[in-house]
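A.B. asks: Here's a sequence, model it:
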Amino acid sequence: MTSPGPFSTVALATTIFAVVALGTTACLADSIFNTEGMGEDLIPVQGPTQALAGAVAAYPDPLAASIINPSAAARAQSLILTGGFVHTRTSTDNLGTTVETVGSSFPSVAAIIPLGKFALLAGLYVEKQGRVSFAETDTLKSSEGTEGGTIYDASFVRETSVYSVPLFVSTEVARRLLLSAGIVFSFFDLREETALDFRASEFIDTDDVADTQAMGEGFAAAFLVDLDRLSLGGLYRNGVGLDGSLDRTNSIIGLWSSEDVEISSHEALRFGLRVRPVSAFSIEADYDRTPWSRLTLDGHELSDRLIERWSVGIQYRGERLWRASKYPLSLGFSRQPADWRGGAKGVLDVGDVSREVYSVGLSIPLAQERAELDVALQIGSRKSEARPDLKDSFYGFSVSISAVEPWTKEMKH
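C.D. replies: Now for the predicted structure:
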């Protein structure tokens, strides 16, 4: 690897981290299927992860190392700093009415530090995120049943997020087996706000807010076996209890309730198998059970869906189409149930809802291979076989940039 030029990669990486840190609170696009759910489970935006639809559990490249593939960090020989960005446009077809929303998110920033025979992986990941917003108008009716005028406008907003900070230590054994273990600190936030705007002056407008915040930590371990034509990877995260508080505020009477709560999360499992039938092609299939399905708040269900994602990714590094050996091309597909229970107040029951995503992406080396830009396009849908008139269609793009700084003895001193 060449020595750094006048524009240091560290300066580039510092800029990336500053921009991403300022945007971590941005929400994803709204979706009707989040109305009684806890949002979307996100795939980290690092390297070709998005382009491969998350099928990277057995992917040995450290530029794709993340909270779902920490073992790959053991292959790092340089300091790696990565930041990612996602933008999505969603079109919702709700009983013949189409509504479009847009949103952006910065799902991940990460750092990999090689320390001799070991590597340290740390970062900030948004693992689950969602926003719901809807409004309605109620009218006053006379005794004869005719409408006498508008009583109030009502609105409801829910915002959910789960942030995680991992600290993984990875090592490579005999150039074939990569092992990783560490602690994952998780932060859960759920905010619900209901507002009534009365049209008549004799009534007082009200604004009620319920804010749940909790944090905790859990153990995780992973492995990756990298053979010449075959790779196998896996990860386990234990279920944890997140301790926090539920605060309620009302605009009329002020803070009227604050109590301690515990949110329990599900254990997570992830497995991936990667094969390389010829040198130019690699194919991987992954199974991923998210830790944020079946959440409970003091024993009461916040979400009862078992979210299991299946992903398939194909990568081409040949020379027949173009210089794909330098600019790898990736394709991906993933399918999982949506975290959704049936619409507002459980009135609209459509059964199970599935989410499918197709993706394509390209990896581009920059700055004399001291950085890599990964771009991916996604198109997908959320739909129910029982209700074809209720569907989400979405498309978007993601951008990930990784800065690679040589980690020499002079730099360490």
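A.B. asks: In the stretch 151-300 of the chain, where is pLDDT below threshold?
C.D. replies: Across the stretch 151-300 of the chain, the ranges flagged by pLDDT under 70 are 152, 198-205, 251-255.
A.B. asks: Show me the strands in it, by range?
C.D. replies: With DSSP state E, counting those that start in this stretch as the criterion, the stretch 151-300 of the chain has strands at 177-198, 206-226, 230-237, 241-250, 254-264, 268-278, 281-289, 296-297, 300-301.
A.B. asks: So which elements touch the second one?
C.D. replies: It refers to strand 206-226. strand 147-173, strand 177-198, strand 230-237, strand 241-250, strand 254-264 (3 or more Cβ pairs under 8 Å, 6 or more residues apart in numbering; DSSP states H and E). In this view, the C-beta of every residue, glycine as well, is placed from N, C-alpha and C.
A.B. asks: Would you confirm that residue 167 contacts residue 120?
C.D. replies: Yes: when contacts are counted by Cβ atoms under 8 Å, residue 167 is listed as touching residue 120 (7.5 Å).
A.B. asks: Could you export stretch 370-385 as PDB, CA atoms only?
C.D. replies: Only the C-alpha atoms of stretch 370-385 are listed here, as PDB (Å, rounded to 0.1, in the frame of the first residue of the first chain):
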ATOM      1  CA  ARG A 370      -6.500   4.300   0.700                       C
ATOM      2  CA  ALA A 371     -10.300   4.500   0.600                       C
ATOM      3  CA  GLU A 372     -13.200   2.700  -0.900                       C
ATOM      4  CA  LEU A 373     -16.600   4.000  -2.000                       C
ATOM      5  CA  ASP A 374     -19.500   1.500  -2.100                       C
ATOM      6  CA  VAL A 375     -22.800   2.400  -3.700                       C
ATOM      7  CA  ALA A 376     -25.900   0.300  -3.800                       C
ATOM      8  CA  LEU A 377     -29.400   0.700  -5.200                       C
ATOM      9  CA  GLN A 378     -32.400  -1.000  -3.600                       C
ATOM     10  CA  ILE A 379     -36.000  -1.700  -4.700                       C
ATOM     11  CA  GLY A 380     -38.500  -3.500  -2.700                       C
ATOM     12  CA  SER A 381     -42.000  -3.900  -1.300                       C
ATOM     13  CA  ARG A 382     -44.000  -4.800   1.800                       C
ATOM     14  CA  LYS A 383     -47.200  -6.600   1.000                       C
ATOM     15  CA  SER A 384     -49.900  -9.000   2.300                       C
ATOM     16  CA  GLU A 385     -51.300 -11.800   0.200                       C
END
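A.B. asks: buried sites along that stretch?
C.D. replies: 370, 371, 372, 374, 375, 376, 378, 380, 381, 382, 383, 384 (16 or more other Cβ atoms under 10 Å).
A.B. asks: average pLDDT for it?
C.D. replies: For stretch 370-385, the mean pLDDT works out to 90.
A.B. asks: Kindly report the same for stretch 49-64.
C.D. replies: pLDDT averaged over stretch 49-64 gives 94.
A.B. asks: Okay, now that stretch: how far is its last residue from its first?
C.D. replies: 6 Å (Cα to Cα, to the nearest Å).
A.B. asks: what's the spacing between that stretch and its chain's center?
C.D. replies: 14 Å (Cα atoms, centre = their mean, to the nearest Å).
A.B. asks: can you check stretch 228-239 too?
C.D. replies: On Cα atoms, centre = their mean, the centre of stretch 228-239 falls 19 Å from that of its chain.
A.B. asks: Outside of that stretch itself, list whatever touches it.
C.D. replies: 57-60, 68-71, 184, 218-225, 264-277, 284, 291 (Cβ atoms under 8 Å, 6 or more residues apart in numbering).
A.B. asks: returning to that earlier point: would CSV of the buried residues of stretch 370-385 with secondary structure and distance to residue 232 be doable?
C.D. replies: Listed next are the buried residues of stretch 370-385 as CSV, based on DSSP: H, G, I helix; E, B strand; the rest coil; distance: Cβ to Cβ, whole Å:
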residue, secondary structure, distance to residue 232
370, coil, 31
371, strand, 30
372, strand, 25
374, strand, 24
375, strand, 28
376, strand, 25
378, strand, 27
380, strand, 28
381, strand, 31
382, strand, 31
383, strand, 33
384, coil, 35
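A.B. asks: Show me what residue 237 bridges to in the sheet.
C.D. replies: Beta-bridge partners of residue 237, counted by DSSP bridges, are residue 220, residue 268.
A.B. asks: now whatever helix or strand residue 395 lives in: mean pLDDT?
C.D. replies: Take DSSP states H and E as the rule and residue 395 turns out to sit in strand 390-406. In this model, strand 390-406 has a mean pLDDT of 89.
A.B. asks: From what I see, residue 330 and residue 51 are in contact.
C.D. replies: Yes: the criterion here is Cβ under 8 Å, and residue 330 meets it with residue 51 at 3.7 Å.
A.B. asks: So for the two, which residue has more residues nearby?
C.D. replies: residue 51 (29 against 26; other Cβ atoms under 10 Å).
A.B. asks: Enumerate every residue touching the more buried one.
C.D. replies: Counting by Cβ under 8 Å, 6+ apart, residue 51 has contacts 313, 330, 331, 332, 359, 360, 361, 362, 374, 375, 376.
A.B. asks: And residue 384, its phi and psi?
C.D. replies: When quoted as degrees, to the nearest 10, the phi and psi of residue 384 stand at phi -120, psi 130.
A.B. asks: how close does it sit to residue 328?
C.D. replies: 36 Å (Cβ to Cβ, to the nearest Å).
A.B. asks: Residue 224 now?
C.D. replies: 19 Å.
A.B. asks: so what's the closest residue in space to residue 43 that isn't next to it in sequence up against?
C.D. replies: Take residue 43 and drop its neighbours on the chain: the residue closest to it by Cβ to Cβ, 6 or more residues apart in numbering is residue 54, 4.1 Å away. Neighbour list for residue 54: 43, 68, 286, 288, 309, 311, 313, 332, 334 [criterion: Cβ under 8 Å, 6+ apart].
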